[in-house]
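In: No sequence on hand, only this structure:
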Ligand SMILES: Cc1cc2nc3c(=O)[nH]c(=O)nc-3n(C[C@H](O)[C@H](O)[C@H](O)COP(=O)(O)OP(=O)(O)OC[C@H]3O[C@@H](n4cnc5c(N)ncnc54)[C@H](O)[C@@H]3O)c2cc1C
Ligand code: SF4
């Protein structure tokens, strides 16, 4: 067994892990190691070959692999060590990280700080419970993306896509370009969570219909998928009898959401937020376990990788503070951090805890579409901060900056509320 | 025809109809950029093509690629046909030109991923 020590262990070599490691390096930390289970760095971006990445971070439009490569190049230049084909299997509260790889066998690393950057996984059919057999031809959209873009294998010819998230939309176009017939996209909600740009360029350009308030209620076929039954749903998302329609197809893609990958976090007893599915963190992205940090899709699902990179920078700063004894008291006898609760219109907020010693930026998602209003932060009596929005939609993460001064009077261990208020 | 502007998060819902003398009448645009977009979309929509191309002797089977600028949407299928049987040799670097002047658009198809050569032990 290989046994070693490190100041910082980064778990996951995707955009979050790479940017977090680089951020630590910029703050002068040198004893860092990145552990990645795949045979290359870059994470899920290597299969996202379409463009649209990097507009915020690099000010130019890049494809996924190009965006990833910029960070990989910087990591190489900074000579930050990494281990590939290395799967982390366990972490404990004392920040001992256990991993395995074919070269070293089992590895144990005692870390002073750990950054969780494991990304997310896709929801599968099991999470949806669509009745029917288990024929071949049912894929998650990301799996199909990997097959086509990395392996060069075409999953099928006659396709139905369930879910109108961006990955599903991108795949509708990719499959069309590869000669498949994409028959329709079914979306259970009355709106799409995908970008308008993707609706336009991936569906409308190719005349692919999107059916709102529709879902797949049955899968047909034994060995290979032969078709699906789709139906309209009511406001409670129950199928409406009489609206069923049989659609022949050999492939069904599921693009029904992503879930942060937190099995490891749970092993370390990190507290999770039931809404985001990721850890509860403070403004330095420190979890409930002192010295364990999280960033990227493992924390909450981001729509834009640019925001992942930004969050990873913050985590690197947090680690630097922690290693220099500046971190919060959280997890020790007194927790000075203030809890932020969500009120009307707000589905979740990250960070969920704040110390308020510096300016803080809150990232939130709405639970519905709202026009013309303000998002407010209050302590129950006083309004601490507010920001106007013309429109907020669940598919887009919004940001809300709070000045340190606005937080000056808040009680340690107290509560704040973030909520939406309509102006019209 | 209804068109949603994608240039900024406001996402204005515009209505575009042909006016007289080859002009377009645009309504609902929150700013002038929206009008330009609407007219471009009605006359010659431009898109970036991204795809992957087979690699021989590389550490990966495929290399991802894009057109180095956007091309007319009508040319996408023709461009894809040109990449179909294509096989390039490793190593490939980001920015390497894989197809010059693809589908006569003036744009080049360039690699977006690095693929190293396999070294046989
Ligand atoms: C299918 C798909 C399509 C997307 N399309 C877009 C898009 O069009 N535009 C956009 O801006 N964003 C897109 N995103 C989001 C963007 O890719 C993510 O925001 C970004 O990749 C998240 O970075 P990350 O580092 O948090 O996660 P990831 O990129 O998923 O990286 C996590 C890494 O951790 C590794 N890992 C996980 N568990 C372990 C373990 N136990 N031990 C060792 N290593 C481990 C994984 O192998 C992986 O390399 C997409 C995401 C997905 C899933
Ligand atoms: S028309 Fe102008 S304001 Fe409206 S979405 Fe387009 S760029 Fe934004």
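Out: Looks like it came in fine. Note that the structure is a prediction, hence the values are computed from the model and not measured. Ligands and ions are numbered 1, 2, ... in the order given.
In: Now do stretch A:156-164: distance to the chain's middle.
Out: Per Cα atoms, centre = their mean, to the nearest Å, the displacement of stretch A:156-164 from the mean C-alpha position of its chain is 23 Å.
In: Indicate whether it makes contact with chain B.
Out: No: judged by Cβ under 8 Å from any Cβ of the partner chain, stretch A:156-164 stays clear of chain B, getting no closer than 14.7 Å. Yep, even glycine has a C-beta here, placed from its N, CA and C like the rest.
In: Could you work out the end-to-end span of that stretch for me?
Out: End-to-end span of stretch A:156-164 (Cα to Cα, to the nearest Å): 19 Å.
In: Show me which residues of that stretch are buried.
Out: Of all the residues in stretch A:156-164, those buried under the rule 16 or more other Cβ atoms under 10 Å in any protein chain shown are A:156, A:158, A:159, A:160, A:161, A:162, A:163, A:164.
In: Stretch A:361-371 now?
Out: A:362, A:363, A:364, A:365, A:366, A:370.
In: Next one: the last one, what pLDDT does it get?
Out: Note on residue A:370: pLDDT of 93.
In: Just list whatever residues bridge to it.
Out: residue A:392 (DSSP bridges).
In: Do me a favour and get the end-to-end distance for stretch A:243-255?
Out: Where stretch A:243-255 begins and where it ends lie 22 Å apart, using Cα to Cα.
In: Same check on stretch A:147-166?
Out: Start-to-end, stretch A:147-166 (Cα to Cα) is 17 Å.
In: Also stretch A:352-369?
Out: Stretch A:352-369 end-to-end distance (Cα to Cα) = 22 Å.
In: does any part of that stretch sit near chain B?
Out: No: if you take Cβ under 8 Å from any Cβ as the test, stretch A:352-369 misses chain B, and the best it gets is 11.2 Å.
In: Now, the buried residues of stretch A:156-164 that are in strands?
Out: A:158, A:159, A:160, A:161, A:162 (DSSP state E).
In: Adding distance to residue A:118 and pLDDT as columns, could you present these in JSON lines?
Out: Output for these, formatted as JSON lines (distance: Cβ to Cβ, whole Å; pLDDT from 0 to 100):
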{"residue": "A:158", "distance to residue A:118": "35", "pLDDT": "97"}
{"residue": "A:159", "distance to residue A:118": "30", "pLDDT": "98"}
{"residue": "A:160", "distance to residue A:118": "31", "pLDDT": "98"}
{"residue": "A:161", "distance to residue A:118": "27", "pLDDT": "97"}
{"residue": "A:162", "distance to residue A:118": "26", "pLDDT": "96"}
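In: Chain B: which of the residues you listed is nearest?
Out: Distances from chain B to these, taken as Cβ to the nearest Cβ, are shortest for residue A:159 (17.2 Å).
In: Report the contact partners of the closest residue to residue A:376 other than its chain neighbours.
Out: Leaving aside its sequence neighbours, residue A:376 sits nearest to residue A:386 (Cβ to Cβ, 6 or more residues apart in numbering or on different chains; 4.5 Å). Counting by Cβ atoms under 8 Å, 6 or more residues apart in numbering or on different chains, residue A:386 touches A:374, A:375, A:376, A:377.
In: Nearest to residue A:175, out of those residues: which one, please.
Out: residue A:375 (38.2 Å; Cβ to Cβ).
In: any idea which element the closest one lies in?
Out: With elements taken from DSSP states H and E, the one containing residue A:375 is strand A:370-378.
In: ok so, going back, where's the residue nearest to residue A:376 relative to ligand 1, distance?
Out: To ligand 1, residue A:386 is 28 Å away according to Cβ to the nearest ligand atom, to the nearest Å.
In: Not counting sequence-adjacent ones, nearest residue to the residue of chain B found nearest ligand 2?
Out: The nearest approach of chain B to ligand 2 comes at residue B:34, 2.3 Å away (Cβ to the nearest ligand atom). Nearest in space to residue B:34, with sequence neighbours left out and distances taken as Cβ to Cβ, 6+ apart, is residue B:5 at 4.3 Å.
In: List the buried residues for stretch A:176-190?
Out: A:176, A:177, A:180, A:182, A:183, A:184, A:185, A:186, A:187, A:188, A:189.
In: next one: stretch A:132-142
Out: For stretch A:132-142, using 16+ other Cβ under 10 Å, the buried residues are A:132, A:135, A:137, A:138, A:139, A:140, A:141, A:142.
In: which of those residues sit farthest apart?
Out: A:132 and A:142, at 21.7 Å, using Cβ to Cβ across these.
In: hang on, isn't residue A:201 packed against residue A:173?
Out: Yes: using Cβ atoms under 8 Å, residue A:201 makes contact with residue A:173 at a distance of 7.0 Å.
In: just to revisit the earlier point, how far does the strand holding residue A:375 sit from its chain's centre?
Out: Distance of strand A:370-378 from its chain centroid, counting by Cα atoms, centre = their mean, is 24 Å.
In: likewise stretch A:142-153?
Out: 20 Å.
In: Please determine how far the closest residue to ligand 1 within the stretch 251-400 of chain A is located from residue A:365.
Out: The minimum distance from the stretch 251-400 of chain A to ligand 1, using Cβ to the nearest ligand atom, falls at residue A:296 (2.4 Å). Look at residue A:296 and residue A:365: by Cβ to Cβ, to the nearest Å, they are 16 Å apart.
In: which residue packs closest to residue B:90, ignoring adjacent ones?
Out: In space, residue B:90 is closest to residue B:58, 3.3 Å off (Cβ to Cβ, 6+ apart).
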